[in-house]
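Asker: Sequence below, structure please.
(chains A, B, C and D)
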There are 2 protein chains.
Amino acid sequence: MLQLTKRTEYGLIALVHMADHEGRVVSVREIGEHYPVPRRLMAEVLKDLAHAGIVESQRGATGGYMLARSADLITLAEIVTTLEGEPLITNCEGHADKLAHESCDIAPTCRIRSPLQRIREGIHGLMERTTLRSLSRPSIPVPLRAPSATHESGGDVLTA
Amino acid sequence: MLQLTKRTEYGLIALVHMADHEGRVVSVREIGEHYPVPRRLMAEVLKDLAHAGIVESQRGATGGYMLARSADLITLAEIVTTLEGEPLITNCEGHADKLAHESCDIAPTCRIRSPLQRIREGIHGLMERTTLRSLSRPSIPVPLRAPSATHESGGDVLTA
DNA sequence: TCAAATAGCACTGTTTCAGTGCGCTTTGCC
DNA sequence: GGCAAAGCGCACTGAAACAGTGCTATTTGA
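Answerer: Below you'll find the model as predicted:
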């Protein structure tokens, strides 16, 4: 339904909080004291983010989580992909493995696959250009537009 | 799950087909003969598109559907909104009516609402700039980037 | 008058999602 | 050494959304 899940919402809450306190270890308890979120679920989400290498965990009494890298190097695409899987626009693309690149189960001359793929890549490119840093800065406009031909602007197919 | 539904997929199939045969009335049967889609569901989708004023229906023996306007004037945002509702990024925004603009049930100083809202608007802006015409032209790159400061580029907050 | 097509409404099985239970392991601190 | 606080792992449940279908009525061209 073209909508982010609660898991992603909670993940963003935690990550933005960590970006605000970069370098410090924050526990699930601490986050729960700032935001009315189910701590148990938040813990699950943080665990997944740790597995993906987005945050680093520290066990033990004074343990918790912290960003594994600078907030500038963490993209929204990475977060979303971690917490809700690959953002397939339609299930049509799901059978990509059992079918050749050309044909899907929709039609011989699939005029719809290409558009759907481009939509997917457009959204993905948008999220690829959105860093956690830009999300944690409410005032500064998010530089979701052209990356000015600088860093890794690789997977952007939609932008002509 | 940041993924379009089957309804939208089928809707796009039908709409692209109509864009390919603009001005002609096409029936659900005809579409079903071109693409292996559940015709019953396709009929439901077309009905909704008709209610939204995206296509026009013609009843009777030789009836069917045709685009209500030029494919250049039909946006992806309109299609998606019609077939799967408002693309709320998170449910947090769903309580916008019962709460003031400032506060949601997440936190007093909700540092997460603004980012989420911007993501939503970014995706929406992307779909707003995508016309059915551009989707029906597989070769021509979709002009999903800046609208060159021309038409109604109103709701785009993300693009600096 | 018949056949083909849309209109309307409700229903069912499946999948995904949100949230929780429970026990185990690690580790700082007294 | 032992307690308490924190993360780790797995599995489970109720609710909601989704995909697809059944059935019947209405319209309309031939």
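
Asker: only C-alpha atoms for contact and neighbour calcs from this point on.
Answerer: Will do.

Asker: Quick check: A:Arg137 is in a helix.
Answerer: No: secondary structure of A:Arg137, determined by DSSP: H, G, I helix; E, B strand; the rest coil: coil, with no helix assignment.

Asker: Chain A against DNA strand D: which residues are in contact?
Answerer: Selection of chain A residues close to DNA strand D by CA under 7 Å from any atom of the strand yields A:1, A:26-29, A:43-44, A:46-47, A:50, A:57-65.

Asker: Residue of chain A closest to chain B, please.
Answerer: Ranked by CA to the nearest CA, the top residue of chain A for proximity to chain B is A:Leu2, at 3.9 Å.

Asker: Setting the sequence-adjacent residues aside, check what's closest to that residue.
Answerer: Counting by CA to CA, 6 or more residues apart in numbering or on different chains, the nearest residue to A:Leu2 once its immediate chain neighbours are dropped is B:Leu2, at 3.9 Å.

Asker: That neighbour touches A:Ala77, doesn't it?
Answerer: No: counting by CA atoms under 8 Å, B:Leu2 does not reach A:Ala77; the two are 11.1 Å apart.

Asker: isn't A:Leu73 right next to A:Thr131, touching?
Answerer: Yes: look at A:Leu73 against A:Thr131 with CA under 8 Å: they come within range, at 6.7 Å.

Asker: more crowded one of these two?
Answerer: Relative neighbour count places A:Thr131 above the other of A:Leu73 and A:Thr131, with 22 against 14, counting by other CA atoms under 10 Å in any protein chain shown.

Asker: check contacts around that one.
Answerer: A:71-76 (CA atoms under 8 Å, 6 or more residues apart in numbering or on different chains).

Asker: tell me what the helix or strand where A:Ser134 lies is packed against?
Answerer: Taking DSSP states H and E as the criterion, the element that holds A:Ser134 is helix A:132-135. Under the contact criterion of 3 or more CA pairs under 8 Å, 6 or more residues apart in numbering or on different chains; DSSP states H and E, helix A:132-135 touches helix A:6-20.

Asker: Following the chain onward from the helix it packs on, which element is next?
Answerer: The element immediately downstream of helix A:6-20 (helix or strand, assigned by DSSP H and E) is helix A:28-34.

Asker: buried stuff in that next one?
Answerer: Buried residues in helix A:28-34, defined by neighbour count with 16 or more other CA atoms under 10 Å in any protein chain shown: A:28, A:31-32, A:34.

Asker: Relative to A:Ile119, how far out is the residue nearest to A:Leu2?
Answerer: Shown here: B:Leu2 relative to A:Ile119, a distance of 12 Å by CA to CA, to the nearest Å.

Asker: try A:Arg129
Answerer: Relative to A:Ile119, A:Arg129 is positioned 16 Å away (criterion: CA to CA).

Asker: re earlier: what about burial for the residues of chain A next to DNA strand D, which qualify?
Answerer: The neighbour count (16+ other CA under 10 Å) marks A:1, A:26-28, A:43, A:46-47, A:50, A:57, A:64-65 as buried among these.

Asker: Need phi/psi at the closest residue to DNA strand C within chain A.
Answerer: Proximity of chain A to DNA strand C (CA to the nearest atom of the strand) peaks at A:Gly60, 2.9 Å away. Here is the backbone geometry of A:Gly60 (degrees, to the nearest 10): phi 90, psi -180.

Asker: got it, and A:Ser57?
Answerer: The phi/psi pair for A:Ser57 (degrees, to the nearest 10) reads phi -100, psi 150.
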